[in-house]
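Visitor: requesting a structural model of the entry that follows:
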Amino acid sequence: MPLRKINPAAYDALLAEKIARYRADFAPFDLPEPHIARSAPLHYRLRAEFQIVRREGQVAYAMFNPDNPREAVPLETFPVASATICEMMPRLRDELQASELLKDYLFRVDFLSTLSGELLVTLVYKRPLRPLWEAAARDLAQRLNIQLIGRSRGQKLVLGRDWVEESFELEGRQLRYQQIEGAFSQPNGEVNRQMLAWACARADTLGGDLLELYCGNGNFTIALAPHYERVLATEMSKTSVHAAQYNLEANRVDNVKVVRISAEEFSEAYSGTKEFTRLAGIDLKGYRFSTVFVDPPRAGLDDGTLALVRGFDHILYISCNPETLKANVAALHDTHRIAAAAAFDQFPYTDHLECGLLLSRR
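Guide: Below you'll find the predicted structure:
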């Protein structure tokens, strides 16, 4: 993770610049006035990863200098990290400093926290972990009341569990999500909650069934499910599919089927050009899809998936890359117009902007 310049006093101006670029880039497509989801200027990030360096015999957290990626810059705190992480950082550092077993050959510490206050810490080492390390680490996890994982090359020791459970209120529901160490989860929890609320508000009047591509751990799936009769969600990662199944059960959502299949493969199956055993028993033609929801990787939608989504009356699109989003909107512009827009500031103090669009058939 690179070190960034953090200046809360500049937050509003920096966000205004990003929104201005968004409006300008999408002006050719008649972008409606976007809903803007602001971030807290501090303590917004639920994940953080730090190198460990030695300074005058003391262990210290460090991040890389973006102007010199080989330079690790020691730091005392990281104010964009969640309050849970910031409070734990000095306590954990002091515990590591006091233990030769825990600090020797340690080169990275990863934190994963939640809005609800849970914390998982991963200690990454340059040599194999031995039984004496495990005993010391278990004692540490108990004293600090954290979930703890030890990693080295080809080795993973889980002391407790390798996931945290997020919990927050949305639309009068208390949602719960299993978030697994090493798997993707939304880094800005409060902005994620605003993303879910915006998507649900757009979906509220669309009705019918929902197809979701790239569903991950079910982040949007769980929130959107009550707004549709049935949901068919797809995802390639085994870890994410297992988490999505856990989350469906934890939230008592019973109108969703999750299939481990890529967007490209599903496009082939839906068009009838290829069959997949993973879709056995699922009557694709029996769904009354009104909407397709997509939250793709930075590369955006490939040509086959673009052809697939073109056949839907409504496309709910969350994008982490405005450039590929713009290219996809241009490709769909002859059949779909932008009915609603949003900007989600997941990453303050960077040029990154998460975007949301509802595209409706002309």
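
Visitor: how about the strands in the stretch 251-362 of the chain?
Guide: Assigned strands in the stretch 251-362 of the chain, in chain order: 256-260, 289-294, 314-319, 336-344, 354-361 (criterion: DSSP state E, counting those that start in this stretch).

Visitor: number of nearby residues for residue 156?
Guide: Other residues within reach of residue 156, judged by other CB atoms under 10 Å, total 13. C-beta: built from backbone N, CA, C; applies to glycine.

Visitor: swap in residue 208?
Guide: Neighbouring residues of residue 208 were enumerated by other CB under 10 Å; the total is 15.

Visitor: can you check residue 179 too?
Guide: By other CB under 10 Å, the residues close to residue 179 number 23.

Visitor: which residues does it contact?
Guide: Contacts for residue 179 (CB atoms under 8 Å, 6 or more residues apart in numbering) come out as 112, 114, 163-166, 185, 217, 243.

Visitor: confirm that it sits in a strand.
Guide: Yes. Residue 179 forms part of a strand when assessed by DSSP: H, G, I helix; E, B strand; the rest coil.

Visitor: for the closest residue to it other than its chain neighbours, helix, strand, or coil?
Guide: Leaving out its chain neighbours, the residue that sits closest to residue 179 by CB to CB, 6 or more residues apart in numbering is residue 185, at 4.2 Å. Reducing the assignment at residue 185 to three states with three-state DSSP gives coil.

Visitor: number of nearby residues for residue 185?
Guide: 23.

Visitor: and the gap between it and residue 147?
Guide: 14 Å (CB to CB, to the nearest Å).

Visitor: swap in residue 184?
Guide: 18 Å.

Visitor: residue ranges with poor pLDDT in the protein?
Guide: Within the chain, the segments meeting pLDDT under 70 span 1-4.

Visitor: now the residue nearest the centre of it: how far from residue 330?
Guide: The geometric centre of the chain, computed from its C-alpha atoms, lies nearest to residue 186 (CA atoms, centre = their mean), at 2.5 Å. Distance, residue 186 to residue 330, by CB to CB: 27 Å.

Visitor: and if you look at residue 112?
Guide: 37 Å.

Visitor: with distance to residue 211 and mean neighbour count added, can I get the strands of the stretch 251-362 of the chain in TSV?
Guide: Listed next are these as TSV, based on distance: least, CB to CB, whole Å; neighbours: other CB atoms under 10 Å:
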stretch	distance to residue 211	mean neighbour count
strand 256-260	11	18
strand 289-294	5	22
strand 314-319	10	24
strand 336-344	15	20
strand 354-361	14	22
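
Visitor: how about the ones you listed in JSON lines, adding distance to residue 277?
Guide: Conversion of those to JSON lines gives the following (distance: least, CB to CB, whole Å):
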{"stretch": "strand 256-260", "distance to residue 277": "11"}
{"stretch": "strand 289-294", "distance to residue 277": "22"}
{"stretch": "strand 314-319", "distance to residue 277": "28"}
{"stretch": "strand 336-344", "distance to residue 277": "33"}
{"stretch": "strand 354-361", "distance to residue 277": "32"}
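
Visitor: which of these sits closest to residue 201?
Guide: strand 336-344 (8.7 Å; CB to CB).

Visitor: residues touching that closest one, excluding its own?
Guide: Contact with strand 336-344 is made by 18-19, 22, 26, 29-37, 191, 194-195, 198, 202, 310, 314-315, 329, 353-362, as judged by CB under 8 Å, 6+ apart.

Visitor: how about the residue of the chain most remote from its centre, phi and psi?
Guide: No residue in the chain has its C-alpha farther from the mean C-alpha position than residue 56, which lies at 37.2 Å (CA atoms, centre = their mean). Main-chain torsions, residue 56, degrees, to the nearest 10: phi 50, psi 40.

Visitor: hey, where'd the helices end up in this structure?
Guide: Assigned by DSSP state H, the helices in the chain fall at 11-26, 83-97, 100-103, 131-144, 189-203, 219-224, 238-250, 263-271, 303-309, 322-332.
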